[in-house]
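Chemist: generate coordinates for the sequence data below:
(chains A and B)
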Amino acid sequence: MASYPFSTIEPKWQKYWDDNNTYSTPDDYTKPKYYVLDMFPYPSGTGLHIGHPEGYVATDIIARYKRMKGFNVLHPMGFDAFGLPTEQYSMKHNVHPITATEKNVENFKRQLKMLGLGYDWSREINTTYPEYYKWTQWIFLKIYNSWYDKDLQRARPINELPIPATITSPKDIEDYRDSKRLAFNASIPVNWCEGLGTVLANEEVDEWVAKGYTVERRPMRQLMLRITEYADRLLEDLELVEWPSSTKEMQKHWIGKSTGAEIEFQVSGDTNHTIKVFTTRPDTVFGATYLVLAPEHPLVEHVATSDNLSIIEEYRKRASLKSDLERTELAKEKTGVFTGGYAVNPATKAKVPIWIADYVLAHYGTGAIMAVPGHDDRDFVFATAFNLPIVRVVSDGIDGELTAAFTDNGLNVNSASTDVSLNGLSTEDAKVTIIQWLEKNNIGIGKVQYRLRDWLFSRQRYWGEPVPILYYDDGTKRALDEDELPLMLPKVDHFKPAGTGESPLALVDSWVNFIDPKTGKHARYETNTMPQWAGSCWYYLRYLDTKNSTKFCASDKEKYWMGTTGVDLYVGGAEHAVLHLLYARFWHKVLYDYGLVSSKEPFARLFHQGLILGEDGTKMSKSIGKSVSPDAIVTEFGADALRVFEMFMGPLEAAKPWQTKGVEGVLRFLNRAWRLIATDDGAPLPVLQEIPLTNEQEFVLHSMIKKVGDDIETLSFNTAVSQMMIFVNEFTQCEIKPRSAMEKFVVCLAPFAPHIAEELWQILGHTTSIFLEKFPTVDETKLIQSTVEIVLQVNSKIKSKAVVPVESTDDELETFCSCR
RNA sequence: GCGUUGGUGGCGAAAUGGCAGACGCACAGGACUUAAAAUCCUGGGGAGUUACAUCCGUGUGGGUUCGAGUCCCACCCGACGCACCA
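Modeler: Below you'll find the predicted structure:
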């Protein structure tokens, strides 16, 4: 026999599991629950990549193990099927996205089943199904119909928003509400991609530029979600979750909280205009020797003197033409021009020049900075390049001439006026003192600033969730009511972009030209659709109650499965460290504010599986033809060999090169395991007998049970597999195979290699699925050996080794050693 | 530049401060075979010796310790992410 018959037993057991609903998850509240979740895939046309199974097999092992440990385990799967690639594919091949999606999903499901992954398919979800996106729209409306109460630190219904007494007309009240909603319209410069015919979120730009598309800035009316209101909670609640530190750090950085002050500089000779700057170092205000505005800053024309206007205009034009890429490439060189205008430093009362430079970003802070070249690296470089004065206001203890910015904390110097003095104060104290002084004199205020920006939530695309808002001819609008959901995506033959910067939906007559049945008024729906992230913001909740047509998820099910900490284990790629995980946390917190979910955070424990690289250790890419197809591997070596190999390659989190030879090695191991129990014909071995184990065999068996169990808990699957290999190697050498040990081994192997385990279990005479068994328990007494080898060292050099009884006392050992 | 990680045989990798390299791949030798494949057994860090002894070995240099791959300090290199955010 070349190999055990995986090609017949794998389909056999997959059918058995399907027929017997082996993996269906009951809502059995009497058992402790365990919710283990994969990041659901985007069903592309190319099918599963060899990297997909890595995370899926890991969670599959955990799920099977936990079930065998007595937990009620939820391990569902679904498809994140809206999105640009499918739409692009559809346009190119002239098939409808619905058709393309169905086809791709079907292929993905075939491949997932082929791998023996034990999902409860009755809980499958697909973000493009109206039964699903009805609730995506419903949650969106929850957000739309909310404002953020800063005092209570939570979202509240928009009709509870206090309306100022000065606002009385219905239109003004509506406008006021619109200005406070968590979903709002804004006309902002966006990343417009002509090739795709849509706008992109800042975060998405790089991905498409890398694929060869060009992206330009263009002001457009867009739907935004006010994620910034949740900045603090998104930051603080990272403390509550067990996530990789790199991911936490990335989110912290993305949120970018910085504490400082806003300071107003009076424009020199113009009491009507002030320039507001944001700084994290208000303590250095005495060292602010000039101001810099972003080129796009609204006050630039105002402060500029006429003789400088043309040069300013030229500079602005140049800056606007620079792509983001060029801006970063040219990061080393600082450019800028003098406006001709001056402002008054509120601390020193000195006249300081106002410059513009593109290293000051219009969209961060106030779009203007006070430059303190003595204590900020960028300002120092700029001041040196343009010959601007550099003043020391913080002592470094030596106080020589500044040859570089001194950015550390220190004691203030040269920081006194008739009104206020910071001299001698530490940086921390100086900040407090100056902010008090600024606030008292009404020229500044302590301020917390975030890097996080509101979430651009609309796309000019067809293949996404429709936004459930309609507009009337008179300029008024309304959001749909719950009983009007889902707002179905119209089935159209032409889904190419309108070419006007509008979504394809703008060309659909029934969409933009109809009578609203509720009001009888002529109306058009919002033509933009939601971004791909929307569906994945809450899918983990829908799995709990996929068929519910009256709620997004029944509350008793939510309470049981999510508990107070959320999904027990969430496994997926690190590429989602910021976007998906931040957006999902945001939506979850809105739901939490309404008491619709019971945990503050959606995902208690997060794990990123590492990349699987090509055999040469570089990134696998289809274009170079290096990619390995899971189908081919399964055909040649079997799904179990693929599963075990992917777990054996190395630590789950590490990037590891693929080795087809390694799969062969694992297949050898499975063959050896088979031969431990069965003949080539699949009959039990005659030497399989009910005999007691020797002490040594007991030790090997229980070491294996312990190691496998412990390693599964810590996701160290590679060493668990090693230990099973050791077990097989040891027992291969035994003439008689003790039946009880073989049975326990097969149960340990089952989470890793479910098909061969079921088959061997049947060969061993069992008639029910091995996954109804309990995972073996470790008998710690079997791990205690009667003798132990000790190493005798003198000055840490090994002098001798000896085998001694394990219960030897210190005295006995000393006596023993001195005799050697 | 900043953040997070890593750096151990020919390769993937193991190793509560206590025999470095478990387990697997590749390789070499042997058994079985007419032969090969498959399988089984055996061997492999380096130098050195007929063999033993011995010495050197976990990116580099220091330190702590009876003892360091593991802890501390500095540096070098790689991967991933961020990158003028005031």
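
Chemist: count of residues packed around the residue in the stretch 401-550 of chain A that RNA strand B sits nearest to?
Modeler: Residue of the stretch 401-550 of chain A nearest RNA strand B, by CB to the nearest atom of the strand: A:R451 (4.0 Å). The C-beta positions use only the backbone N, C-alpha and C, and glycine is treated the same way. Using other CB atoms under 10 Å, A:R451 is surrounded by 15 other residues.

Chemist: which SSE is it in?
Modeler: Assigned by DSSP states H and E, A:R451 falls within no helix or strand.

Chemist: give me every residue that touches the residue nearest to A:P602 when sequence neighbours are not counted.
Modeler: Distances taken as CB to CB, 6 or more residues apart in numbering place A:H588 nearest to A:P602, at 4.3 Å, with adjacent residues excluded. By CB atoms under 8 Å, 6 or more residues apart in numbering, the residues touching A:H588 are A:537-538, A:566, A:597, A:599, A:601-602.

Chemist: can you check the pLDDT for A:H588?
Modeler: Per-residue pLDDT puts A:H588 at 98.

Chemist: try A:E812
Modeler: Predicted confidence (pLDDT) at A:E812: the value is 65.

Chemist: over to A:L764?
Modeler: 95.

Chemist: you'd agree it is up against A:V746?
Modeler: Yes. If you go by CB atoms under 8 Å, A:L764 and A:V746 touch, sitting 6.9 Å apart.

Chemist: which neighbours do the two share?
Modeler: With CB under 8 Å, 6+ apart, A:L764 and A:V746 have common neighbours A:I677.

Chemist: so those two - more neighbours on which side?
Modeler: A:V746 (25 against 16).

Chemist: check contacts around that one.
Modeler: A:V746 neighbours (CB under 8 Å, 6+ apart): A:677, A:757, A:760-761, A:764, A:770.

Chemist: how about 10 Å then?
Modeler: The contact partners of A:V746, taken as CB atoms under 10 Å, 6 or more residues apart in numbering, are A:673, A:676-677, A:753, A:756-761, A:763-764, A:766, A:770, A:773, A:776.

Chemist: setting aside sequence neighbours, what's the nearest residue to it?
Modeler: A:L760 (4.9 Å).

Chemist: how far off centre is whichever helix or strand the one you found is part of?
Modeler: Using DSSP H and E, A:L760 falls within helix A:754-763. Centre-to-centre, helix A:754-763 and its host chain are 37 Å apart (CA atoms, centre = their mean, to the nearest Å).

Chemist: can you check stretch A:374-387 too?
Modeler: 38 Å.

Chemist: please save the CA atoms from that stretch in PDB.
Modeler: Extracted as PDB, the C-alpha positions of stretch A:374-387 are listed here (Å, rounded to 0.1, in the frame of the first residue of the first chain):
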ATOM      1  CA  GLY A 374      14.300  75.300  19.100                       C
ATOM      2  CA  HIS A 375      12.300  72.300  20.200                       C
ATOM      3  CA  ASP A 376      10.700  70.700  17.200                       C
ATOM      4  CA  ASP A 377      12.700  68.800  14.600                       C
ATOM      5  CA  ARG A 378      10.600  69.800  11.600                       C
ATOM      6  CA  ASP A 379      10.500  73.400  12.600                       C
ATOM      7  CA  PHE A 380      14.200  73.400  13.200                       C
ATOM      8  CA  VAL A 381      14.900  72.100   9.700                       C
ATOM      9  CA  PHE A 382      12.500  74.600   8.200                       C
ATOM     10  CA  ALA A 383      13.900  77.500  10.200                       C
ATOM     11  CA  THR A 384      17.400  76.600   9.100                       C
ATOM     12  CA  ALA A 385      16.500  76.300   5.500                       C
ATOM     13  CA  PHE A 386      14.700  79.700   5.500                       C
ATOM     14  CA  ASN A 387      16.900  81.500   8.000                       C
END
